[in-house]
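Novice: have a look; sequence and predicted model below, questions after that.
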Amino acid sequence: MPLVRVERLSLMYGADLVLRELTFQLEPRQRLGIVGANGSGKTSLLKALSGEVPPAGGSVALAARSRLAYLPQELEAGPHESVYADALHSRSDIMELRQRLEGLEDAMARTGGEALPGLVDEYGDVQHEYERLDGYAYDSRVAEVLHGVGLSEADQALAPSALSGGQRRRLALARLLLQEADLLLLDEPTNHLDLEAIEWLEDFLRVSHAGMLIVSHDRRFLERVADDILELQAGVGEWYPGNYRQYVRLRQERRSVRQKEYEAQQEYIARTEEFIRRYKAGQRAREARGRQTKLDRLERVVPPAEDQQIRIRLRASATSELIYQSDGLTLAYKSPSPSGGGQGWGLNVPAFTVSAGERIAIVGPNGSGKTSLLKALLGELRPLKGRVKTGPRVTMRYYDQHLADLDPNKTVLTELQDVFGLPEETLRTFLGRLLFSGDDAFKMIRSLSGGEKSRVALAKLMLDDAGLLMLDEPTNHLDIPAQEMLEDALNDYQGTILFVSHDRYFIDDVSTHLWVVEDGSVSMHLGNYSDWERRRQRIARPAAANEGRSRSPRPASPLRVATPAGASVEDQIQDVEAEIHRIEERLADHQTYDDPAQVAELSRAHEEASLRLRSLYQEWEQAAGL
Ligand SMILES: Nc1ncnc2c1ncn2[C@@H]1O[C@H](COP(=O)(O)OP(=O)(O)OP(=O)(O)O)[C@@H](O)[C@H]1O
Ligand SMILES: [Mg+2]
């Protein structure tokens with residue numbers, strides 16, 4: 001008996017058909033990845049499985065006595081007073097039994113005599129059930145899972161509403177995992193999560209005994225967790241056996257086969273039509289009619305649907321050379337808030353300057369204060385200490401992590417019209433570039449899919465030239481082609497960008513600078529994520545090695561590899577690193593900036609040295625057999 005059986009399932013919103021006669025089944029422990037463009041119906045499918053959206057046709061059957069748990073794409077803060085209480089109530093069955101036990105204990109303490117044996121019996125029964133559900137171990141399990149998702153004891157005492165985006169996601173995951181369901185429905189589970197949490201989740205899902213439907217745009221994640229892939233496109237589902245890599249290959253193959261079939265058929269049709277045209281009035285008219293009948297009955301091969309691509313272009317308006325300048329900031333929330341101790345949350349930001357044209361990626365674990373830092377620069381969060389000076393001519397646009405500035409009760413069109421006052425025709429043509437075609441412009445924001453909402457937010461950025469973009473996790477919800485398109489658009493953009501992201505590829509592709517927010521402070525670096533990570537590993541290794549033997553970074557490996565130049569790779573690495581450090585020190589000195597030519601020269605030298613360092617590392621890793 002399969003865990004779920006979906007048969008000829010159709011879904012409609014009003015007159016729009018979202019899924020057409022979808023059929024598949026999932027075995028116990030099977031993990032199915034669900035992929036497809038934004039708006040292709042992935043979330044709708046999960047909602048149909050969870051019973052939230054009634055099917056327009058067909059059926060969904062869950063195996064008897066199996067339990068289902070659902071992680072929605074968009075989350076609200078939990079209803080309980082604290083994160084811990086919220087997590088504890090994940091298992092309502094255990095909590096109910098617990099209450100009954102307490103009630104019975106009270107009653108037994110108060111009653112004596114004849115009523116007592118009855119109470120004791122009942123208590124025994126309830127206790128038996130409670131034990132069966134592992135009720136006594138439940139609290140420690142809750143604590144364990146909360147720790148697992150990286151919510152510290154201080155976080156657990158907070159009100160759920162005080163959590164950052166990523167922390168909220170972690171709590172939702174903890175709640176889901178505590179339910180110990182047989183079927184997990186996960187809608188973009190990695191959104192908002194930092195790298196560490198994603199890896200933890202991967203491991204967790206891989207050892208779990210539950211069957212799963214996992215909607216995701218994260219290729220790496222899918223590759224690691226999904227056994228098979230279901231792709232949704234234009235209302236139709238296509239099943240691909242095997243993991244994500246296999247899917248990519250198979251999809252390519254199937255599409256090219258289908259394209260060839262289509263072309264062959266088109267050719268046949270053209271030839272036949274030509275024959276009919278030529279002979280329909282002549283001697284061979286009978287044959288021509290016969291061919292016409294055959295042609296009429298021919299089942300037409302449809303060509304593979306084209307993957308549609310959004311087109312984004314971001315134009316920059318001119319700004320002053322100086323964007324931001326500050327002698328240092330202290331940010332804090334007075335009430336206890338993200339990841340602080342009981343004393344509240346705080347962040348120290350050293351002195352910094354942001355100049356026109358820089359692209360700064362802000363990275364750091366969930367709850368470390370990335371969004372708060374952006375808000376301080378936006379002027380929405382008043383620093384406890386220090387000030388930020390904004391350049392004399394800076395126009396700025398902000399892309400909110402939760403897209404809160406979109407009005408759910410407007411249509412796509414009015415949302416844009418009300419801000420930009422452009423004629424409807426102009427806007428509708430423009431919306432076509434973002435794949436809102438025809439009546440899509442009249443859809444309500446509240447009924448849009450996650451990725452469609454993001455596209456509206458991108459539309460607003462496009463319509464409004466600004467010299468500075470502040471983007472908080474802009475790739476969340478976007479499908480892969482749209483993510484790549486955004487990457488390109490940002491690279492073409494001539495202005496300044498400050499953005500928060502957990503996506504390594506995206507960061508590496510877009511950023512020139514990196515701000516790392518961690519343990520209550522911010523450190524600032526030139527270069528992208530990979531550069532920084534290598535440097536950090538390099539710093540961490542000798543420190544560990546000092547306790548042991550020589551300078552060898554990994555004590556067990558024979559790492560001192562001689563090169564033709566005589567110096568070991570390791571020595572060369574140290575030299576280049578020292579050089580990079582010297583360059584950075586000079587770049588950190590504000591006097592350097594009096595001479596733009598020198599800054600350019602130093603940046604070039606920095607880039608060159610970083611490249612050299614990268615190849616030295618590769619050499620070193622190879623030699624070490626890593
Ligand atoms: N309540 C609703 N009313 C009307 N249309 C809706 C509603 N919910 C979703 N839709 C539409 O149905 C289509 C499928 O939406 P769904 O949320 O399932 O997409 P998705 O594949 O999950 O997309 P994404 O990757 O962006 O999350 C979209 O075009 C969306 O606009
Ligand atoms: Mg969705």
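Specialist: Noted; the coordinates are in hand. Numbers count the residues shown, from 1 in each chain. Ligands and ions are numbered 1, 2, ... in the order given.
Novice: close to ligand 2: what parts of the stretch 301-450 of the chain are there?
Specialist: The stretch 301-450 of the chain comes close to ligand 2 at residues 449, 450, as judged by CB under 5 Å from the ion. For every residue, glycine as well, the C-beta is placed using N, CA and C.
Novice: then the chain?
Specialist: Contact residues, the chain versus ligand 2 (CB under 5 Å from the ion): 42, 43, 73, 449, 450.
Novice: switch the cut-off to 8 Å
Specialist: Counting by CB under 8 Å from the ion, the chain comes close to ligand 2 at 38, 42-44, 46, 73, 187-188, 215, 449-451, 477.
Novice: need the phi and psi values for residue 302.
Specialist: Taking degrees, to the nearest 10, you get phi -90, psi 140 for the backbone angles of residue 302.
Novice: what's the burial count for it?
Specialist: A count of neighbours around residue 302, defined by other CB atoms under 10 Å, yields 11.
Novice: and it, what does it touch?
Specialist: By CB atoms under 8 Å, 6 or more residues apart in numbering, the contact list for residue 302 reads 258, 262.
Novice: so what pLDDT did it get?
Specialist: Note on residue 302: pLDDT of 87.
Novice: what separation is there between it and ligand 1?
Specialist: Distance, residue 302 to ligand 1, using CB to the nearest ligand atom, to the nearest Å: 21 Å.
Novice: look up how far residue 82 lies from that residue.
Specialist: 55 Å (CB to CB, to the nearest Å).
Novice: what of residue 615?
Specialist: Distance from residue 615 to residue 82, counting by CB to CB: 51 Å.
Novice: let's verify residue 469: helix, strand, or coil?
Specialist: With DSSP: H, G, I helix; E, B strand; the rest coil as the basis, residue 469 sits in strand.
Novice: that one contacts residue 399, correct?
Specialist: Yes - counting by CB atoms under 8 Å, residue 399 is a contact partner of residue 469 at 7.1 Å.
Novice: any common contacting residues for the two?
Specialist: With CB under 8 Å, 6+ apart as the test, residue 469 and residue 399 both reach residue 461.
Novice: mind listing what whichever residue of the stretch 251-400 of the chain sits closest to ligand 2 touches?
Specialist: For the stretch 251-400 of the chain, the residue closest to ligand 2 is residue 310, as judged by CB to the ion, at 16.2 Å. By CB under 8 Å, 6+ apart, the residues touching residue 310 are 433, 434, 435, 455, 458, 481, 482, 485.
Novice: check which helix or strand covers the last one.
Specialist: To tie it back to what came earlier, the one meant is residue 485. helix 480-492 (DSSP states H and E).
Novice: same for that helix, what does it pack against?
Specialist: Judged by 3 or more CB pairs under 8 Å, 6 or more residues apart in numbering; DSSP states H and E, helix 480-492 is in contact with helix 450-463, helix 504-510.
Novice: still on that earlier bit, now tabulate the residues of the chain next to ligand 2 in CSV and tack on neighbour count.
Specialist: Shown next, in CSV, are the residues of the chain next to ligand 2 (neighbours: other CB atoms under 10 Å):
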residue, neighbour count
38, 23
42, 30
43, 23
44, 19
46, 22
73, 19
187, 23
188, 24
215, 24
449, 21
450, 23
451, 24
477, 23
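Novice: which parts of the stretch 1-150 of the chain sit against ligand 1?
Specialist: The stretch 1-150 of the chain has residues 13, 18, 36, 38, 39, 40, 41, 42, 43, 44, 73 near ligand 1, with proximity defined as CB under 6 Å from any ligand atom.
Novice: apply 8 Å and report the result again.
Specialist: 13-14, 16, 18, 36-47, 53, 73 (CB under 8 Å from any ligand atom).
Novice: isn't residue 521 right next to residue 348, touching?
Specialist: Yes - in this structure residue 521 lies within contact range of residue 348 using CB under 8 Å: 4.5 Å.
Novice: let's verify the one residue in the stretch 1-150 of the chain that gets nearest to ligand 2: helix, strand, or coil?
Specialist: In the stretch 1-150 of the chain, the residue that lies nearest ligand 2 is residue 43 (3.1 Å; CB to the ion). At residue 43 the chain is in helix, as set by three-state DSSP.
Novice: contacts only, for it.
Specialist: Applying CB under 8 Å, 6+ apart, we find residue 43 in contact with 72, 73, 187, 215, 449, 450.
Novice: what's the pLDDT at it?
Specialist: Value for residue 43, per-residue pLDDT: 94.
Novice: next, the buried residues of stretch 139-146.
Specialist: 141, 142, 143, 145, 146 (16 or more other CB atoms under 10 Å).
Novice: whoops, I mixed them up, stretch 378-398
Specialist: Applying 16+ other CB under 10 Å to stretch 378-398 flags 381, 383, 388, 390, 391, 394, 396, 397, 398 as buried.
Novice: how about stretch 603-613?
Specialist: 605, 606, 609, 610, 612, 613.
Novice: so what touches that stretch?
Specialist: Here stretch 603-613 has contacts from 526, 527, 531, 534, 573, 576, 577, 579, 580, 583, 584, 587, using CB under 8 Å, 6+ apart.
Novice: what mean pLDDT does that stretch have?
Specialist: 84.
Novice: repeat for stretch 499-519
Specialist: The average pLDDT for stretch 499-519 rounds to 91.
Novice: ends of it, how far apart?
Specialist: Stretch 499-519 has an end-to-end distance of 20 Å (criterion: CA to CA, to the nearest Å).
Novice: what of stretch 499-509?
Specialist: Stretch 499-509 has its terminal residues 12 Å apart, counting by CA to CA.
Novice: can you tell if it touches ligand 1?
Specialist: No - Stretch 499-509 lies out of reach of ligand 1 by CB under 8 Å from any ligand atom, never closer than 15.7 Å.
Novice: tell me the contacts of the residue in the stretch 201-350 of the chain that ligand 2 sits nearest to?
Specialist: Nearest residue of the stretch 201-350 of the chain to ligand 2: residue 215, at 6.2 Å (CB to the ion). Listed by CB under 8 Å, 6+ apart, the contact set of residue 215 reads 33, 34, 35, 42, 43, 46, 73, 186, 187, 188.
Novice: right, and the third one touches residue 223 too?
Specialist: Same thing as residue 35. No - using CB under 8 Å, residue 35 is not in contact with residue 223, being 11.5 Å away.
Novice: any chance of JSON lines for the buried residues of stretch 139-146, columns secondary structure, distance to residue 134 and pLDDT?
Specialist: Formatted as JSON lines, the buried residues of stretch 139-146 follow (DSSP: H, G, I helix; E, B strand; the rest coil; distance: CB to CB, whole Å; pLDDT from 0 to 100):
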{"residue": "141", "secondary structure": "helix", "distance to residue 134": "7", "pLDDT": "90"}
{"residue": "142", "secondary structure": "helix", "distance to residue 134": "12", "pLDDT": "93"}
{"residue": "143", "secondary structure": "helix", "distance to residue 134": "14", "pLDDT": "91"}
{"residue": "145", "secondary structure": "helix", "distance to residue 134": "13", "pLDDT": "89"}
{"residue": "146", "secondary structure": "helix", "distance to residue 134": "17", "pLDDT": "91"}
